[in-house]
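Novice: coordinates for the following, if possible.
(one chain, ligands or ions: 1)
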Amino acid sequence: MAGDTPYPTALTVADFQRNLAQVRARIQAACERVGRDPAQVRLLPVSKTVEEARIRLAYAAGCRELGENKPQEADRKWEAMGDLADLRWVVIGHLQTNKAKLVARCASEFQALDSPRVAEALDRRLQALGRGLDVLVQVNTSGEASKFGLAPEEVAGFLKQLPAYSSLRVRGLMTLAVLSADAARVRPCFGRLRTLREHLRQTAPAGIVLDELSMGMSGDFTLAIEEGATTVRVGQAIFGARALPDHHYWPESSSDRESTA
Ligand SMILES: *Cc1c(COP(=O)(O)O)cnc(C)c1O
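Specialist: The predicted model follows:
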């Protein structure tokens, strides 16, 4: 994605400060275009594949929360950087029930909740640890079989089941748009999540909060902000280009998916 955009690798604290300032300036400009307050948009830096030494530089540049796609990687880094006590780890990728234990112990927030089985497994692990967890429900707004997340029409029913899991604090919705450089295809995905949120607010059970719309990444976060994003998840524009292709994180065919039925 965004193959024409060079994302230089940040190798010093000053590099991180520059990249963060550039991303924040673009957040501000996008907010101004649509009359939004930039203070209402949270920048979540995504550190997947980035090694510990550079993560520590990002921390020195001011990052206090980091998104990780894979539970094992999040847990490994959380353990290795336990000395950075005020650093929050946010898991933003698909979770299998057999990894719920990792997320329950290392994460401050989980943005990819998409099945009752995962909700149940997470809640059980969290209860055992005496912890609560902020969660977002992942919605598939692109209709692509390769994307995780619930179909929009499944979300209302799913939300009704969540009050049973008392350690999960539902805060909102998350999505990935279609991976395309064509704004005309990307923007409607974001609009769909916002519209869905407005509908769901009318029927959501008590205690289910839908304030958060986590949407937008390096290649499309300005569009997402114009469509109402409250959190943007930005990796490459802060850390530098990743060598691994995106389909390492989003399997290309639905046959690669773990069944979430
Ligand atoms: C990697 C990732 C991002 C960030 O993507 P970049 O292109 O690095 O900005 C956002 N969301 C999820 C779920 C991701 O896995």
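Novice: residue 53: neighbouring residues, count only.
Specialist: Summarising burial for residue 53: neighbours were counted as other Cβ atoms under 10 Å, giving 8. (Each C-beta comes from the backbone N, C-alpha and C, glycine too.)
Novice: who's in contact with the nearest residue to residue 228 once chain neighbours are set aside?
Specialist: Excluding its sequence neighbours, the residue lying closest to residue 228 (Cβ to Cβ, 6 or more residues apart in numbering) is residue 194, at 4.3 Å. With contact taken as Cβ atoms under 8 Å, 6 or more residues apart in numbering, residue 194 is in contact with 213, 227-228.
Novice: which ones among the residues you listed map onto strands?
Specialist: The strands, defined by DSSP state E, take in residue 213 from the contacts of residue 194.
Novice: so can I have TSV of the contacts of residue 194 showing pLDDT, distance to the ligand and neighbour count?
Specialist: Listed next are the contacts of residue 194 as TSV, based on pLDDT from 0 to 100; distance: Cβ to the nearest ligand atom, whole Å; neighbours: other Cβ atoms under 10 Å:
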residue	pLDDT	distance to the ligand	neighbour count
213	98	13	26
227	98	16	24
228	98	17	19
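Novice: tabulate the contacts of residue 194 (JSON lines), appending distance to residue 123.
Specialist: Below are those laid out as JSON lines (distance: Cβ to Cβ, whole Å):
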{"residue": "213", "distance to residue 123": "24"}
{"residue": "227", "distance to residue 123": "31"}
{"residue": "228", "distance to residue 123": "29"}
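Novice: quick one: name the residues of the protein near the ligand.
Specialist: Contact residues (Cβ under 6 Å from any ligand atom) of the chain with the ligand: 46, 48, 69, 92-93, 176, 217-219, 233-237, 249.
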